[in-house]
Structures are given as C-alpha cells and as structure tokens.
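Engineer: I'd like to go over a predicted model; first the sequence, then the structure.
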2 protein chains.
Amino acid sequence: MTNRSCVIRLSRYKNALLRLRTLNFVRVFSENLADAAGVTATQVRKDFSIFGITGNRRGGYKVDELIEQLNKILGKDKIQKFILVGMGNLGKALVQYAGFERSGIKIVAGFDIDANKWDKEGPVPICPLEELSEVIRRHEIEFGIITVPDFAAQQVLELMIPAGIRGVLNFAPICVKGPEGCVVNNINLVTELENIIYFVNASEKTQESQQ
Amino acid sequence: MTNRSCVIRLSRYKNALLRLRTLNFVRVFSENLADAAGVTATQVRKDFSIFGITGNRRGGYKVDELIEQLNKILGKDKIQKFILVGMGNLGKALVQYAGFERSGIKIVAGFDIDANKWDKEGPVPICPLEELSEVIRRHEIEFGIITVPDFAAQQVLELMIPAGIRGVLNFAPICVKGPEGCVVNNINLVTELENIIYFVNASEKTQESQQ
DNA sequence: GGTTTTTTGTGATTTTTTTCACATTTAATG
DNA sequence: CATTAAATGTGAAAAAAATCACAAAAAACC
Ligand SMILES: NC(=O)c1ccc[n+]([C@@H]2O[C@H](COP(=O)([O-])OP(=O)(O)OC[C@H]3O[C@@H](n4cnc5c(N)ncnc54)[C@H](O)[C@@H]3O)[C@@H](O)[C@H]2O)c1
Ligand SMILES: NC(=O)c1ccc[n+]([C@@H]2O[C@H](COP(=O)([O-])OP(=O)(O)OC[C@H]3O[C@@H](n4cnc5c(N)ncnc54)[C@H](O)[C@@H]3O)[C@@H](O)[C@H]2O)c1
C-alpha cells in the first residue's frame, strides 16, 4: 500500500491543476505543480512514477489528462457521498461549504441528537440520530464526518460502522479508533495551532543563537 | 530542527494527558499514551528521549509533571494570542470555539472585508481589515488564521507578515507561501476527505484480491 | 534484603521517504 | 535534418523516521 503523505500530495496536485485549468492552462511542468503543492519537482515526478503517470519529456503534462488520471487514482471519477454527525458550529460550516460539492464530494445528510437542529426541508436534510443507520444503508454511503463533542465521538463512530461506513474524518479532539479495515483520520485543530507555535518559537531560538 | 510529526505527537500526548488528569490519573505509562495517540509505546519513549523527558522506570510518568514539561516544549506555558481573518462560516465556528481558550489559545480579534461582519461588541471583536496591522502591533500578536476564499488568501498573508505575524494556519484550499522564517501550515479539508476515499478504495481492492 | 517483575531509555538496525544524478525523450532552432 | 535545449523518468544514494532489542532502574513481593 502507498503512503499517506504521497496520496495527500496527489490530491494537492489535482487541486492545483483544477485552478490552472480555470486559467486556461493546457500543459504544466513538474516544477509548476511542485510550487503549487510546496514540494520539489523531483518529488512530483517520483510520485507520478509510483502511480505510473507519464508526461511528455520536454512538453510536460497535459492538464486535462493529468486531472483525469489523478481523479481515477483518488477514486474521484464518481461523486462520493458523505454523512455528517454533529450539527454544531463546525458541522454547520462544513455542511454549507460549497467547495465540497465542487470537488465531487456530497454531504447527503446531517445528524444530531438535539431536536432543535433537525430540519428536513433545507438543501441538506438534518435528521435525528435514530435515522442514521437507515439513511446510510438506503444511500449506500461509505464515508462519514464526526463533529460532535469529544465524549460522544467514539460512540458515534461505533454507530456508523455497523451501518456500513468505512472511512471517517473526525474533528473531535480525541483519537477515535475503528475496527480493522476502517479508515479513520483524526484532525485536531488545537494540535495544528500548537505545531505552528512550536516551530515559530524554534525558529526564534535559532535566530537568537545565530546572532 | 525536530520533525513536524514528532511535534504533532507531543501535542497529542499532552491532549491525552489533560483528559487523563480530569479522570484523576496521577501516573501514566508510555503504553497508555501510545494508545491515546494511536502510535507505539516505543515511539512515545523515543519522542520523550529526543526532548530529554524522563520518567520513572517501573513507575511510568507523573501526569502533572509531564503536562508541564510538554507545555514548556510546545510554548504553551503562556497564553498564545491569535488573530483570524475571514469571518465566514468557518471563521465564525473557529472564533466561537471554546476549546481553543481551554488550551491556552486566545483569538484576540477577527477581521473581514465585509462591513456586515464587523461587530466590536461581541466577546471577540470583529474589525475592518484596515485595522489588522494596528491590532497585531498593539497586542504583539505572532499568530494568524486565514479563513478567506482561496483567491484572497495569499494577499491576506502578505498583509499579516509585515505587521508581525510569524506563524499562520491557512484553511483556504491553496498553498500560501510566507517568507523565510515564517511558518505556514495549509489545511485542505477536501484533500483530507480525498485521502480517506483513497484508502477505503485501496483496502477494498486488497480484500477483493485476497478472496 | 534478595529476587522477581515491570517499565523506562536508548544505541543499533531496519524501513521508509526524499533527494541526487543522469540517461532518455522530445520539442525547438537554425 | 542535425544540433541544441529542456524536460521527464527512475535506479542509486542519502537522509530521516520508526522499530527492535536489551541493559538499567525501580517497585513489589516473599
Ligand atoms: N468549532 C470549532 O471551530 C472546532 C475547532 C476544533 C475542534 N472542534 C471540535 O469539533 C467538534 C464540534 O465542535 P462544535 O464547535 O461544532 O461543537 P458544538 O457544541 O457547537 O456542536 C456539537 C453538536 O453535536 C451534537 N451532539 C452532541 N452529542 C451528540 C451525539 N451523541 N450524537 C449526535 N450529535 C450530538 C450537539 O447537539 C451539537 O449540535 C467538537 O468535538 C470540537 O471539539 C471544533
Ligand atoms: N466552510 C467550510 O467548512 C470550509 C471547508 C474547507 C475549506 N474552507 C475554506 O475556508 C475558507 C473560508 O470558508 P467559508 O466557508 O467560511 O467561506 P465564506 O465565504 O463563508 O467566508 C469567507 C469570508 O471571508 C471574507 N473575505 C473575503 N475576502 C476577504 C479579504 N480579502 N479580507 C478579509 N476578509 C475577506 C468574506 O467577507 C467572508 O466573510 C475558504 O477558503 C474555504 O475554501 C471552508
């Protein structure tokens, strides 16, 4: 199996390509993609080499073809359906975000334990948690997003799995764990900010010691 | 300099420890932290070894001491101030999120180009973009969060830097670039979801080929 | 107080990832 | 149509990260 950061990079290349296409670019060089993704040109070509993507020596890559190939690899050749559990501040922002649909990602329904959040009339229906399993099965959904408080996150995951969810993005600040064969990614924004704080402090120290 | 994923892990350990403390844990073993962070016990001890954190052979680590040491390393021994630019759906969710303040991260002010978003009376004042530089300088803020549309992200960064910002978390789906010495982290949620889609598809293929 | 058991701490080893170096292809140029 | 210049593609080398293996420490037990 291929490694996570390599796949993340493929996804970044694809995003950059989509932007280049709107600017009417027809061809692109590894150098350009490297810039857009914040990596080296060699890395781009190596990544492509791993996945058997080839361009034209001297002419670079054709934007259209490359997007198509990347979409195929990333499983984005069809629309992928998600459900989201936890219609609080963050859940609402995600459900309303138009960028997902533009990228072939559709949030089919939201769920919450709180009756005040339910709303079947909106563009994305918000349903009681009890209907989770039924909706997942009916739409054959494989992917979920968790935006409930930390104490509820693991139990929400354990509701999703038996209904058929096989991949989850979790925003609650704990590492939730799925069974073998279930892909779980935990995003912790506090951790991301702490990471920035650390490296800014570290670079301050380097500068001081150089003086 | 130490590597990014190592620092991310330190932050995860710290988060797990805070939770353990609320459950009245006094001591903890590398095994427990490994579980909470989704890594191996050896990895935990190696990380600690790198930063000179020591425990007690047989007795593990004291939760309180460990939190303090990690906070020191992560620069969290004082409250860290942030500003946020782009008070849309995502920006609003982040500004209202109580978890940041609980972790010693304070969003001092929000900024937007749109006058309808301005509001100096709320718990976090939302100000016109023109005041960005002044606020950063007055509060001596070093960190920023970008939640504006993609086309505006790079120019927002370039407003922040001369005012004194040295670390940025960007949510717009492009890789913004700061000058040398400025730490920028680009979070792309579409990319995160695509990553999950990829690995679920990959594991499906593995299973099929095993049958 | 000696023995056993448990857990840390870390050099050595292995694995993974990135970078280098350069042959190969192809477009452009004269 | 030969020459040159500019890019790709990829084995080999280097660097970085993770894991192993085990000695050292310390608590628990008899
Ligand atoms: N808001 C942010 O910017 C932000 C930032 C970082 C992390 N997070 C994390 O994301 C998660 C959501 O954050 P938020 O600010 O939107 O919180 P929130 O409190 O606004 O929303 C949580 C929602 O989950 C619902 N809920 C609670 N238990 C549930 C259950 N068992 N099943 C279904 N729904 C349930 C609540 O009714 C509520 O609507 C939290 O874990 C938080 O720590 C949020
Ligand atoms: N909402 C989400 O869940 C989500 C998910 C993934 C990525 N993102 C990304 O995060 C960013 C924000 O998303 P959103 O949904 O909150 O968008 P939004 O359109 O709701 O909000 C954007 C805000 O930025 C403000 N703005 C625009 N240009 C500005 C400028 N030059 N200076 C200051 N403010 C400016 C707008 O007035 C608006 O208030 C976007 O780049 C989006 O792609 C959002």
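Structural biologist: Noted; the coordinates are in hand. Numbers count the residues shown, from 1 in each chain, chains lettered A, B, ... in the order given. Ligands and ions are numbered 1, 2, ... in the order given.

Engineer: spatially central residue for chain A, please.
Structural biologist: A:L169 (7.7 Å; C-alpha atoms, centre = their mean).

Engineer: wasn't it part of a strand?
Structural biologist: Yes: counting by DSSP: H, G, I helix; E, B strand; the rest coil, A:L169 is located in a strand.

Engineer: so it sits against B:E192, correct?
Structural biologist: Yes: assessed by C-beta atoms under 8 Å, A:L169 is found in contact with B:E192 at 5.8 Å. Using the backbone N, CA and C atoms, a C-beta is placed for each residue, glycine as well.

Engineer: what's the overlap in contacts for those two?
Structural biologist: Residues touching both A:L169 and B:E192 (C-beta atoms under 8 Å, 6 or more residues apart in numbering or on different chains): A:N185, A:I187.

Engineer: strands of chain A, residue ranges please.
Structural biologist: A:27-28, A:61-62, A:80-85, A:105-112, A:126-128, A:143-146, A:167-170, A:183-186 (DSSP state E).

Engineer: TSV for these, including mean pLDDT and distance to B:R102?
Structural biologist: Listed next are the strands of chain A as TSV, based on pLDDT from 0 to 100; distance: least, C-beta to C-beta, whole Å:
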stretch	mean pLDDT	distance to B:R102
strand A:27-28	96	44
strand A:61-62	98	47
strand A:80-85	98	22
strand A:105-112	98	23
strand A:126-128	98	27
strand A:143-146	98	19
strand A:167-170	98	19
strand A:183-186	96	18
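
Engineer: make a markdown table out of the ones you listed and add distance to B:P173.
Structural biologist: Shown next, in a markdown table, are those (distance: least, C-beta to C-beta, whole Å):
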| stretch | distance to B:P173 |
| --- | --- |
| strand A:27-28 | 18 |
| strand A:61-62 | 21 |
| strand A:80-85 | 17 |
| strand A:105-112 | 12 |
| strand A:126-128 | 25 |
| strand A:143-146 | 17 |
| strand A:167-170 | 15 |
| strand A:183-186 | 17 |
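
Engineer: which one, of these, ends up nearest to B:R9?
Structural biologist: B:R9 sits nearest to strand A:183-186 of all those, at 12.1 Å, using C-beta to C-beta.

Engineer: pull the distance from the closest one to the chain's centre.
Structural biologist: 10 Å (C-alpha atoms, centre = their mean, to the nearest Å).

Engineer: spell out which parts of chain A neighbour ligand 1.
Structural biologist: Listed as neighbours of ligand 1 in chain A under the rule C-beta under 6 Å from any ligand atom: A:85-91, A:111-114, A:117, A:129, A:147-150, A:152, A:156, A:171-173, A:189.

Engineer: buried stuff in stretch A:155-167?
Structural biologist: For stretch A:155-167, burial by neighbour count (16 or more other C-beta atoms under 10 Å in any protein chain shown) applies to A:V156, A:L157, A:L159, A:M160, A:I161, A:I165, A:R166, A:G167.

Engineer: right, and the fourth one touches A:V135 too?
Structural biologist: Put plainly, it is A:M160. No: A:M160 is beyond contact range of A:V135, at 10.9 Å (criterion: C-beta under 8 Å).
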